[in-house]
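> Build the 3D model from these lines:
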Amino acid sequence: MLRILAAASLLALLLPGLAPAADTTLDLTIAAGNQDRVNEPICVPVVLKAAFADSPKVALKDAAGKDIAIGQLTPPGVLTKIQPVAAGEAFRELHFILPSLMKGQTLALKAHLSTDGQASGTSFVWKDTPGEYAELSFGNRPVLRYMYHALDESSKEKRDQTFKVFHHLYDPTGTRLVTNGPSGLFPHHRGLFFGFNKTTYGDGKLVDTWHCTGDTYQSHERFLESVAGPVLGRHRVEIAWHGKGKEVFAKEQRELTVYNVPGGQLVQFETNLTTTGGPIKLDGDPQHAGFHFRAANEVAEKTKQQTIFIRPDGPGQPGTETNWEPRTRKGPVNLPWNAMSFVLGNKRYTAAYLDHTANPKEARESERTYGRIGSYFEYVVTAAWPLHVRYRIWLQEGQMSVPEIAAKSAAFVSPADVLLK
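Next up, the predicted model:
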């Protein structure tokens with residue numbers, strides 16, 4: 001069952017005999033550092049009195065009392081380092097979108113938390129179609145869809161459709177899905193997804209968690225958390241990796257967050273992969289391992305010659321691609337970002353793939369003009385060393401420039417500094 005973030009203090013207003021509404025404030029100082037900040041997500045770990053842990057109304061104001069941003073409190077993310085708290089306290093993350101702060105500048109803000117009322121304006125909302133998919137919308141505009149139908153082995157076709165979970169992404173208007181499902185050319189590449197075609201565990205058992213051949217598959221086990229508010233929509237799911245004889249050899253906590261920023265869709269992908277027993281060797285090749293984005297099959301069928309890859313050294317020629325080659329072990333590695341500009345219908349989009357410096361390296365790059373972009377690495381998962389990875393996908397209409405993508409990457413790996421008093 002989905003665990004929706006509840007505003008316990010709001011219930012106090014509705015149920016007689018409970019505590020009345022209350023307010024508190026937090027003082028923050030934001031430092032832009034050596035780059036301009038424009039519509040940048042800010043996340044501040046905070047320790048609050050338990051009464052304010054789920055405050056539904058958070059407003060950020062400057063020293064003059066001017067409204068700067070709406071805030072949202074959430075439980076800590078899957079990769080957040082948990083801080084210890086005393087009795088009567090709670091650890092939370094305060095999220096907001098910083099509209100603008102120029103290089104070298106600082107901004108003093110006061111966060112006003114209230115247990116009274118609710119956040120103003122449009123918010124994210126989750127809706128589950130049990131056993132099929134969970135969809136995130138911003139107001140009435142669909143944003144993200146998690147496909148989690150259980151493995152169906154009643155036919156080969158059904159198995160191929162259900163052997164792994166993935167996320168679909170909508171275009172910024174919510175009009176259409178821009179990602180591919182289990183159909184068309186290379187249907188094992190679908191949406192936003194994660195796996196490795198050379199996965200070794202146990203006494204040398206080699207399985208393929210990308211194509212999910214033989215007994216291998218990825219299954220949705222349960223929803224661990226879902227939160228939704230004016231700043232972000234997020235959910236965390238538990239996924240089991242099945243190997244020989246369908247045994248579970250790994251457990252994954254996969255978390256996706258969508259931020260309310262203008263101009264496009266900003267999606268953060270984070271995961272924590274752990275072993276259920278001994279070491280797990282993750283390996284593969286650039287085309288069939290790691291975290292990838294796959295555009296809708298229309299790109300493969302109609303417009304692949306119009307696909308343009310934009311790299312830190314500039315855009316390539318339409319219809320061309322560059323890849324790390326396993327045979328020569330040469331090609332692009334460790335790019336801070338890469339981007340794919342593709343055409344669906346009568347519109348051009350850009351999907352910027354942002355890697356994080358904390359992710360395992362060497363990251364070997366993959367490009368396919370039919371609509372796929374990503375990278376992979378080698379890693380050994382042990383009980384002492386689980387796998388943590390963090391990526392972002394930025395999707396917008398039109399073709400992006402190198403400076404535009406570089407700014408998105410910089411905001412991801414080097415966010416603005418925040419001092420909490």
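
> what secondary structure does Glu298 sit in?
At Glu298 the chain is in helix, as set by DSSP: H, G, I helix; E, B strand; the rest coil.

> and if you look at Arg159?
Classified using three-state DSSP, Arg159 is helix.

> So it sits against Asp152, correct?
Yes. Contact criterion Cβ atoms under 8 Å: Arg159 and Asp152 qualify, at 6.5 Å. Where you see a C-beta, it was placed from the backbone N, CA and C, and this is true even at glycine.

> all strands of the stretch 301-421 of the chain, in order?
With DSSP state E, counting those that start in this stretch, the ranges of strands along the stretch 301-421 of the chain come out as 308-311, 314-315, 337-344, 347-355, 364-368, 372-376, 379-381, 387-397, 417-420.

> Please parse the protein into its domains.
The record assigns the chain these domain ranges, following automatic domain parsing: 8-119, 124-415.

> Just say which of those is most tucked in.
Among those, the stretch with the highest mean neighbour count (mean count of other Cβ atoms under 10 Å) is domain 124-415, at a mean of 19.

> ends of it, how far apart?
End-to-end span of domain 124-415 (Cα to Cα, to the nearest Å): 23 Å.

> same thing with stretch 328-341?
Distance between the two ends of stretch 328-341: 27 Å, counting by Cα to Cα.

> Other residues contacting that stretch?
By Cβ atoms under 8 Å, 6 or more residues apart in numbering, the residues outside stretch 328-341 that reach it are 286, 293, 295, 307-312, 315, 322-325, 348-355, 357, 361-365, 367, 371-373, 375, 399-400, 405-406, 408-409, 413.

> sorry, back to before: who wins for proximity to Lys421 among the domains of the chain?
Closest to Lys421 of the domains of the chain is domain 8-119 (Cβ to Cβ; 4.0 Å).

> how about the helices in the stretch 101-250 of the chain?
Ranges of helices in the stretch 101-250 of the chain, per DSSP state H, counting those that start in this stretch, are 156-162.

> I'd like the strands of the stretch 301-421 of the chain written out as CSV, with mean pLDDT and distance to Pro76 added.
Listed next are the strands of the stretch 301-421 of the chain as CSV, based on pLDDT from 0 to 100; distance: least, Cβ to Cβ, whole Å:
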stretch, mean pLDDT, distance to Pro76
strand 308-311, 98, 34
strand 314-315, 98, 39
strand 337-344, 98, 26
strand 347-355, 98, 22
strand 364-368, 98, 31
strand 372-376, 98, 27
strand 379-381, 98, 22
strand 387-397, 98, 14
strand 417-420, 95, 15
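
> among those strands, which is nearest Ile82?
Of all the strands of the stretch 301-421 of the chain, it is strand 387-397 that lies closest to Ile82, at 14.0 Å by Cβ to Cβ.

> Check which helices and strands the closest one sits against.
strand 265-275, strand 289-294, strand 347-355, helix 402-413 (3 or more Cβ pairs under 8 Å, 6 or more residues apart in numbering; DSSP states H and E).

> Save these as JSON lines, and put in distance to Lys302 too.
Conversion of the helices and strands packed on strand 387-397 to JSON lines gives the following (distance: least, Cβ to Cβ, whole Å):
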{"stretch": "strand 265-275", "distance to Lys302": "23"}
{"stretch": "strand 289-294", "distance to Lys302": "16"}
{"stretch": "strand 347-355", "distance to Lys302": "13"}
{"stretch": "helix 402-413", "distance to Lys302": "25"}
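
> Can you check which of these gets nearest to Gly104?
Nearest of the helices and strands packed on strand 387-397 to Gly104, taken as Cβ to Cβ: helix 402-413 at 14.8 Å.

> Return the angle between stretch directions for the closest one and strand 265-275.
Note on geometry: by axes from the mean of the first three to the mean of the last three Cα atoms, to 10 degrees, helix 402-413 and strand 265-275 are set 40 degrees apart in direction.

> Least reliable of the domains of the chain by average pLDDT, please.
Mean pLDDT is lowest for domain 8-119 out of these, coming in at a mean of 88.

> now that domain, how far from the chain's geometric center?
21 Å (Cα atoms, centre = their mean, to the nearest Å).

> Surely Gln105 and Asn34 touch.
No. Using Cβ under 8 Å, Gln105 is not in contact with Asn34, being 11.2 Å away.

> Tell me which of the strands of the stretch 301-421 of the chain sits nearest to Arg236.
Set against Arg236 and scored by Cβ to Cβ, the strands of the stretch 301-421 of the chain come closest in strand 387-397, at 13.5 Å.

> and Lys198, what does it touch?
Neighbour list for Lys198: Leu206, Asp208, Lys281, Leu282, Asp283, Gly284, Asp285, Ala289 [criterion: Cβ under 8 Å, 6+ apart].

> go with 10 Å
206-210, 281-285, 288-289, 376, 378 (Cβ atoms under 10 Å, 6 or more residues apart in numbering).

> Contact partners for the residue lying closest to Pro182 once chain neighbours are set aside?
Excluding its sequence neighbours, the residue lying closest to Pro182 (Cβ to Cβ, 6 or more residues apart in numbering) is Gln161, at 4.5 Å. Gln161 makes contacts with Met147, His149, Leu151, Asp152, Ser155, Gly181, Pro182, Ser183, Pro187, Arg190, as judged by Cβ under 10 Å, 6+ apart.

> what's the distance between the fifth one and Phe166?
Ser155 sits 20 Å away from Phe166, going by Cβ to Cβ, to the nearest Å.

> related to what we said a few turns ago, which of the contacts of Lys198 fall in strands?
Mapping the contacts of Lys198 onto strands (DSSP state E) picks out Leu206, Val207, Lys281, Leu282, Asp283, Ala289, Tyr376.

> Let me know the closest of these to Leu48.
For the ones in strands among the contacts of Lys198, the nearest to Leu48 is Leu282 (38.1 Å; Cβ to Cβ).

> contacting residues for Lys127?
Residues near Lys127 by Cβ under 10 Å, 6+ apart: Leu2, Tyr133, Ala134, Glu135, Leu136, Ser137, Pro142, Arg145, Ala228.

> Throw those into TSV and include distance to Thr199, thanks.
What follows is the contacts of Lys127, written out as TSV (distance: Cβ to Cβ, whole Å):
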residue	distance to Thr199
Leu2	30
Tyr133	26
Ala134	26
Glu135	30
Leu136	29
Ser137	34
Pro142	33
Arg145	26
Ala228	33
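
> This completes my enquiry, with thanks.
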